[in-house]
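**Q** please find the sequence and the predicted model below.
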Amino acid sequence: MPSIRFRLNGVETDVDVESDRSLLDILRGQLGMTGPHFGCGSNECGACNVIIGDRAVAACDTPLWSVADKDIITIEGLGSAQKPHPLQRAFIAEQALQCGYCVSGILISAAALLMRNPSPSGEEIRGALDRNLCRCGSHNRMVRAVLRAAAEMAAR
Amino acid sequence: MTKPAPSPSAPKLPVSLAANPVLSSWVRFSTDGHVMVSPGKVEIGQGIVTALAQIAADELDVDIGRVQMIRATTAGSPNEGVTSGSLSVQQSGRAIRQACAEIRQIFLGVASDRLGVDIDALDIKDGTIAGPGNIRTSYWELAGDVELDREATPGATPKLSTRRTLAGSSIQRVDIPDKVFAHPRFIHDQPLPAMLHGRVLRSEMSAAKLVDLPEDGARAIAGLVAIVRDGNFAGVVCEAEDGAEAALKALRKSATWSAGATLPDESALAEWLKAQPAEPTIIDNKTASGAMEKARTMRRQYSRPYLAHASIAPSCAMAQWTQDRVRVWTHSQGVYFLRADLALVLKLPVENITVEHMEGAGCYGHNAADDVALDAVLLARAAGGRSVRVQWSREDEMSQAPFGAAMAIEIEADLDAQGEIINWRHSVWSNGHTSRPGRAAQPALLAATELANPHPRYIATNPPPANGGGADRNSIPLYDFPSWRIECHRLLTMPIRTSALRTLGAQGNVFAIESFLDELATERGEDPVDFRLRHLSDRRAQDAIRAAARRANWKPDQRTGIGYGLGFARYKNTGAYCAVVAEVEGAEDISVKRLTIAVDVGEAINPDGVVNQIEGGAIQATSWVLKERVRFDKERITSNTWSAYPILRFSEVPEVQVELIARPDMEPLGAGEAAHGPVTAAIANAVFDALGVRVRNLPITRDSLIAAMELAS
């Protein structure tokens, strides 16, 4: 079995598994990263989103072979309680969730958007998050939180 | 000595505290400066744990950072039934407030003895009990000497609302940082040591029988631990999750199923509901004092489809056996109720079963949380004492879990010569709105119906009207009509499994009542706000409608393709008041632009938490109204993916404005279900305002608009 190598949250990572396994399986299983959540298994809800390059991608639908030599960022790599990403700070400030199961995928989609477009409009944010499902109805708070984070990042 | 008879005004304990009177079951102090608060209600994304921590911290005078909230478990938590019905603040909150008030008094008494000063001279600040001349002790210092294994008494008086410092303020939720930083908090993310993975095989065909199950394919999967078969119940246990998936796939490929039950025609649901054998109940009957002359009768029928809970997370549970004892980890809304049903299925005393709560994603009612717990328990029997985690697939979550029941609602109004309402008749046809576990002599869990010795499928019932009712929830008008008759027909057949979905029947009934009122007001050429206010003597109801109308500048001038509609209800007629003005836009496809909402929840423990719940409820209701409908053919539920069961997306979400009416001295009321009915009606009424088309069958889609236009022409 050939080993597949990628950079996960900045750390060189090697895994030895069948290359058609899904990235989500490997992240949550072998690599013990439970931030990306299983929601549907077919790229329809965004709960498992990770950043590959500068795009938010559903890990459930991403075969491992396709991430060879790529840079992958999961919610764990976005920031921490000690060193939060502006988005994480903003989501807390806006209390922008209810149950929070979808929120790691939404933070990832928002972070990918801000990498490409540091000062998005509300409409652009909604467009970037449109493939992420939230069932609790926290959408408007999340959009406000992304705007807040973008403003904070611009002010720095 | 004879005991004096209790006076009729004797203070009573809050209901949850009366049922679980031992103080230490609610609150304990550690010696290291923490307070453990142990509610029987559970976090389902509604922020209840934070609100309850606020109440405890306030009443005990401790910093909220010292409060540790303990997850509900049958191993020791108070039994507060189920976390549902927007009752957690009312029930758990009042119990904790009362218990903490008494505990504070007990500690003050002990401190007074210890320090040799009067209770009145003592004050508590962040748990430190201090008196004149710098004498001091604390909860933690006294904890070892204070006996809390005693029953609560009704005497203690909680603080006045003006003396509370935390209740009433929007402090940040305690669980949000973990969720934003992806610290494992969900049951899905917390594997047990040496845990195995299980999957259950179910047919897409409703109630199909498993005829043949060759196992060779599954046996070939590396890491397979067991194949479990008991009648129509079949599943696999594997070392790894992907192995369990592969083994399940192999089993599915080889399984042969017999044809199952026939499902109704989804295009004629109202007719089907009205034609089924049913148990009729008179919910309420009110007779006018004087005779009034009827000039004519107006009759309308409304309906809503089956709705899915459609949690973002598939249901998940873990179980582990030790000889004849089993421990279960679950995101069920009622750990004791689940335990009762597990005991029925396993034929074990409840003492042999421990059920512990762990957080799941929002469930919005009775989804598959309890079903998957039994699945895990059954599979774990084959795991040789190791724990087994079972997670449902997206497809099973959307098709095997119970649904919110479809409803047909007919309203007739007798009008006098002036077009005033003199009599009102409201009839509901629907399956029962709850088949939650733990309530009956038979279990309500899915796998129980699949075993070789099966239990019959539990036919959903309705909670009694005193608990808010089910299909009949909010069927009694809050309006002052002179006479009415309210009937509910509960179906005695249940080809599509139904149970509690947020608001139970209230969404359907409020949609019908508020749509019909709008139709009556239109006929009379009367403003819908004035028309409602004229029929409401309840001041809080009037205030809510006036506040929403004012905030929305009711009624803005007519513009092409834009419409405004009003909806109002008091949830369960005893809960929160909510009035909504909807602004919609569109012709073929309707979009909801804005929802302006006024809500009265009595004392708001955490105002931002209330607003969050109302916003969320409003957006979810918009999704129900514009998009949602469980789809099925004769044999199977077909809407088992997000493409087949779409929900509202970011680009479709309306702006939501919420005004909270301040009532700090009124009893706190839950907010989670107040908005759904009024939002539904407000959107339907706004669609009529915009297009002149009255949609009486939800959801409001391009197809239902065309159908309504054809009906009208």
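**A** That came in fine, so what should we check first?
**Q** what about the helices in chain A?
**A** A:23-28, A:75-78, A:86-93, A:103-116, A:122-128, A:139-155 (DSSP state H).
**Q** tabulate these (a markdown table), appending mean neighbour count and mean pLDDT.
**A** C-beta here means a position set from N, CA and C on the backbone, and glycine is covered the same way. Putting the helices of chain A into a markdown table (neighbours: other C-beta atoms under 10 Å in any protein chain shown; pLDDT from 0 to 100) gives the following:
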| stretch | mean neighbour count | mean pLDDT |
| --- | --- | --- |
| helix A:23-28 | 24 | 97 |
| helix A:75-78 | 23 | 97 |
| helix A:86-93 | 23 | 98 |
| helix A:103-116 | 24 | 98 |
| helix A:122-128 | 17 | 98 |
| helix A:139-155 | 20 | 97 |
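**Q** with distance to residue B:20 added, can I get the ones you listed in a markdown table?
**A** What follows is the helices of chain A, written out as a markdown table (distance: least, C-beta to C-beta, whole Å):
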| stretch | distance to residue B:20 |
| --- | --- |
| helix A:23-28 | 38 |
| helix A:75-78 | 38 |
| helix A:86-93 | 34 |
| helix A:103-116 | 34 |
| helix A:122-128 | 46 |
| helix A:139-155 | 35 |
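**Q** nearest to residue B:360, out of those helices?
**A** helix A:103-116 (14.1 Å; C-beta to C-beta).
**Q** can you give the domain ranges for chain B?
**A** Chain B breaks down by automatic domain parsing into domains covering B:15-179, B:190-259+B:310-399, B:407-433+B:469-712.
**Q** which one of the helices of chain A lies closest to residue B:588?
**A** That would be helix A:122-128 among the helices of chain A, by C-beta to C-beta, at 21.5 Å.
**Q** compare the helices of chain A and give me the one nearest residue B:524.
**A** Of the helices of chain A, nearest to residue B:524 by C-beta to C-beta is helix A:139-155, at 36.3 Å.
**Q** wait, residue B:533 touches residue B:543, no?
**A** No - counting by C-beta atoms under 8 Å, residue B:533 stays clear of residue B:543, with 10.3 Å between them.
**Q** mind listing what's buried along stretch B:301-319?
**A** B:301-319 (16 or more other C-beta atoms under 10 Å in any protein chain shown).
**Q** chain A next: which of the residues you listed are close?
**A** When contact is defined as C-beta under 8 Å from any C-beta of the partner chain, the buried residues of stretch B:301-319 meet chain A at B:310, B:311, B:312, B:313, B:314.
**Q** for the last one, give me the pLDDT.
**A** The one in question is residue B:314. The model reports residue B:314 with a pLDDT of 98.
**Q** that one contacts residue A:37, doesn't it?
**A** No - checked against C-beta under 8 Å, the pair residue B:314 and residue A:37 is beyond contact range at 10.0 Å.
**Q** and residue B:445, which of the domains of chain B is closest to it?
**A** domain B:190-259+B:310-399 (4.3 Å).
**Q** end to end, how far does that closest one reach?
**A** Counting by C-alpha to C-alpha, to the nearest Å, you get 26 Å between the two ends of domain B:190-259+B:310-399.
**Q** show me which of the ones next to chain A among the buried residues of stretch B:301-319 is closest to residue B:503.
**A** residue B:310 (15.0 Å).
**Q** which residues does the closest one contact?
**A** A:135, B:364, B:397, B:398, B:628, B:645, B:647 (C-beta atoms under 8 Å, 6 or more residues apart in numbering or on different chains).
**Q** next one: phi and psi at it?
**A** Dihedral pair for residue B:310: phi 50, psi 50, per degrees, to the nearest 10.
**Q** and what of residue B:560?
**A** Torsion angles, degrees, to the nearest 10, at residue B:560: phi -60, psi 130.
**Q** if I look at it, how far off is residue B:690?
**A** 9 Å (C-beta to C-beta, to the nearest Å).
**Q** those two: who's more crowded?
**A** Neighbour totals were compared for residue B:560 and residue B:690, and residue B:690 leads with 22 against 7 (other C-beta atoms under 10 Å in any protein chain shown).
**Q** quick one: the more buried one and residue B:562 touch, right?
**A** Yes - between residue B:690 and residue B:562 there is a contact under C-beta under 8 Å: 5.9 Å.
**Q** which residues are in contact with both of the two?
**A** B:584, B:585.
**Q** domain assignment for chain A?
**A** A:4-77, A:78-155.
**Q** and the residue nearest to residue B:40 when sequence neighbours are not counted, what's its pLDDT?
**A** Using C-beta to C-beta, 6 or more residues apart in numbering or on different chains and skipping residues adjacent in sequence, the residue nearest residue B:40 is residue B:80, 2.8 Å away. As predicted, residue B:80 sits at a pLDDT of 94.
**Q** now for residue B:386, how many residues are close by?
**A** 17.
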